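**Q** Please find the sequence and the predicted model below.
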Amino acid sequence: MNFVFVHYVHPETAHVSSMRMRLFADALTRRGHRVVLLTHPRTRSEAVAGPAEVERSLMSFDWRAPFHLSCPPIFSWRDSAARAPKLPRVLRRVLIFANMALRGGLNDDWVQGSRPYWPVIERAFRPDLVWGIFGDPSSLRGAQLLARRAGAPWVADFKDNFEVYIHPLIRSCVASRYADAAGFSSNSRMHESVAARFFDLPHAVIYSGVAPSMIAASTTKADAGVFRVMLMGSLYDAGRLRRFLAALGAWVQTLDPGDHARIELTYAGSDRRKIEAGLSAQPLPCRTRLLDQLPLDDLGRLCQSAALNAYIWLPSGFHHKLFELLACRRPVVSFPGEHEESVELAAEVGGDLRVCENEAALQQTLSTVWNSWRSGETVQPSTSINVEALTWDAMAGKLETFFIEMSKSASGRRSLA
């Protein structure tokens, strides 16, 4: 089948927002499908091909990989201003609200810039289905309009929480615009239940997968020379981070001073400045190592070398990073809580998730894992963890089935009409 994935985020963006589109496209290509990625350019200066050149490229492409089509935005002061972080906060909120309510999102300039390419996609590719990936409604708008032009069904994907990104006053209005979708997918039951309140459509939960570099072999051992507590991903509000650091620092202080140098807090992610600020206000009596977002190969090696992996929990979302950390075959700490869905998923695949709802629970977990590491144990929660169930290829099989169902359902409705 021929699929078009529509998302304003460039697939090579070093952020989790690009991962779902890119890796599902790769996995579906391996299953014999053809995929076009319709995205924003990576940078303003990136050279992009015109419609005529894109049409020639589509006609001669060998389809051993997804076809990536970057579309330059058409300048709009409203969209540019709404995305400007230096704009006064109140004014920016007003612009964001207006753009969401009246213009379809914060990237309507990119949707308009993609219009000249739609006839090319229709003629040279003939999509069977279009998938719009939510994070900003602009992606849904682009998918909807392209699908109408091509006479194909389209499916919305709620990888993020619809209620978090859309203001309460306009949620019903925004949702009504996209009621013509054939269905919607989501990356968790939590996001599915939220979206189902606004979209009366067929739907399916399609979890994101785990890259091979994050999956540890059953013989992988933690670093024997350093007790590494690996904290990864977004840190969200300073309060949760402050509590985490306080608990870690208090626990280290309970140990023999000679052991302090054997303990290391390592952070990798996009919030390096936040943790730098937190440690400046609250220094730890152990080693620290702070890194920016890492390539998956490097991140995988680091997490697999840790004695304990951890992340800060945000109640309003589903944390896909749990899957990645479970695949590393190390104990995983979620602080200061986690949804029942995540607890059930960890148990289902045989992973070791330790939900620490307060500082005392975190210190107890640190002590338990420390004693295991110090005694020379492997610190492997399970050699029988079902890592195959977590791969992008496994998840892509479910997405493929859902796409086929949505395509057949849309064809049936057209036949009846």
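**A** It's in.
**Q** which residues touch the residue nearest to A389 when sequence neighbours are not counted?
**A** Among residues not flanking A389 along the chain, V349 sits closest, at 5.6 Å (CB to CB, 6 or more residues apart in numbering). Where you see a C-beta, it was placed from the backbone N, CA and C, and this is true even at glycine. Contact analysis of V349 by CB atoms under 8 Å, 6 or more residues apart in numbering lists L326, I385, N386, V387, A389, L390.
**Q** Can you lay out the residues you listed as a markdown table showing neighbour count, secondary structure and pLDDT?
**A** Output for the contacts of V349, formatted as a markdown table (neighbours: other CB atoms under 10 Å; DSSP: H, G, I helix; E, B strand; the rest coil; pLDDT from 0 to 100):
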| residue | neighbour count | secondary structure | pLDDT |
| --- | --- | --- | --- |
| L326 | 30 | helix | 92 |
| I385 | 22 | coil | 70 |
| N386 | 14 | coil | 76 |
| V387 | 23 | helix | 76 |
| A389 | 17 | helix | 82 |
| L390 | 23 | helix | 84 |
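**Q** How far does stretch 44-51 stretch from one end to the other?
**A** 18 Å (CA to CA, to the nearest Å).
**Q** Pull the distance from it to the chain's centre.
**A** 26 Å (CA atoms, centre = their mean, to the nearest Å).
**Q** Counting neighbours, which bits of stretch 24-31 end up buried?
**A** F24, A25, D26, A27, L28, T29 (16 or more other CB atoms under 10 Å).
**Q** Show residues contacting it.
**A** 3, 5, 11, 35, 37, 63-66, 208-209, 392-393, 395-397, 399-400.
**Q** Emit the PyMOL select command for whichever of those are buried.
**A** Buried subset of those, written as a PyMOL selection, criterion 16+ other CB under 10 Å:
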select buried, resi 3+5+11+35+37+66+208+209+392+395+396+399+400
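**Q** Mind checking which of the contacts of stretch 24-31 are in strands?
**A** Counted as lying in strands by DSSP state E, out of those, are F3, F5, V35, L37.
**Q** any chance of the contacts of V349 in a markdown table, plus distance to R148?
**A** Converted to a markdown table, these look like this (distance: CB to CB, whole Å):
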| residue | distance to R148 |
| --- | --- |
| L326 | 41 |
| I385 | 44 |
| N386 | 41 |
| V387 | 41 |
| A389 | 37 |
| L390 | 36 |
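**Q** Could you pull out the strands in the stretch 101-250 of the chain for me?
**A** Taking DSSP state E, counting those that start in this stretch as the test, the strands found in the stretch 101-250 of the chain are 129-133, 154-158, 183-186, 203-205, 227-232.
**Q** tell me how far stretch 113-132 is from the chain's mean position?
**A** That offset, for stretch 113-132, works out to 25 Å (CA atoms, centre = their mean).
**Q** Please identify which of the buried residues of stretch 24-31 is nearest to A181.
**A** F24 (17.6 Å; CB to CB).
**Q** And the average pLDDT for the helix or strand containing that closest one is what?
**A** Secondary structure assignment for F24, by DSSP states H and E: helix 19-30. Here helix 19-30 scores 96 as its mean pLDDT.
**Q** One more: stretch 404-417?
**A** Stretch 404-417 comes out at a mean pLDDT of 76.
**Q** With stretch 302-311 instead?
**A** Mean predicted lDDT for stretch 302-311 stands at 96.
**Q** Now the terminal residues of it, how far apart.
**A** End-to-end distance of stretch 302-311: 14 Å, with CA to CA as the criterion.
**Q** contacts for that stretch?
**A** So stretch 302-311 is contacted by 214, 216, 220, 222-223, 227-233, 244, 266, 268, 294, 319, 321-322, 324-325, 328-335, 365-366, 369-370, 373, 379 (CB under 8 Å, 6+ apart).
**Q** Point out the ones among those that are inside helices.
**A** Those of the contacts of stretch 302-311 mapping onto helices are F244, K321, L322, E324, L325, T365, L366, V369, W370, W373, per DSSP state H.
**Q** Closest one to K274 out of these, please.
**A** Nearest member of the ones in helices among the contacts of stretch 302-311 to K274, counting by CB to CB, is F244, at 11.6 Å.
**Q** Who's the closest spatial neighbour of that closest one, skipping the chain neighbours?
**A** F335 (5.3 Å).
**Q** tell me, how many neighbours does the one you found end up with?
**A** 25 (other CB atoms under 10 Å).
**Q** wait, what's in contact with it?
**A** F335 makes contacts with R240, R243, F244, A247, A310, Y311, I312, W313, C356, L362, as judged by CB under 8 Å, 6+ apart.
**Q** Using CSV, write out every CA atom in stretch 240-251.
**A** What follows is stretch 240-251, C-alpha atoms only, in CSV (Å, rounded to 0.1, in the frame of the first residue of the first chain):
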residue,chain,number,x,y,z
ARG,A,240,9.6,16.9,41.0
LEU,A,241,13.3,17.2,40.0
ARG,A,242,14.1,18.9,43.3
ARG,A,243,12.5,16.1,45.2
PHE,A,244,14.3,13.4,43.2
LEU,A,245,17.7,15.1,43.8
ALA,A,246,17.0,15.6,47.5
ALA,A,247,16.1,11.9,47.9
LEU,A,248,19.2,10.8,46.0
GLY,A,249,21.5,13.1,47.9
ALA,A,250,20.0,12.0,51.3
TRP,A,251,20.5,8.3,50.4
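**Q** For it, give me every contacting residue.
**A** 229, 231, 235, 265, 274-275, 278-279, 281-286, 310, 312-313, 335-336, 359-360, 362-363, 366-367.
**Q** So A101 sits against R171, correct?
**A** No. Proximity of A101 to R171 does not meet the contact threshold set by CB atoms under 8 Å, at 10.6 Å.
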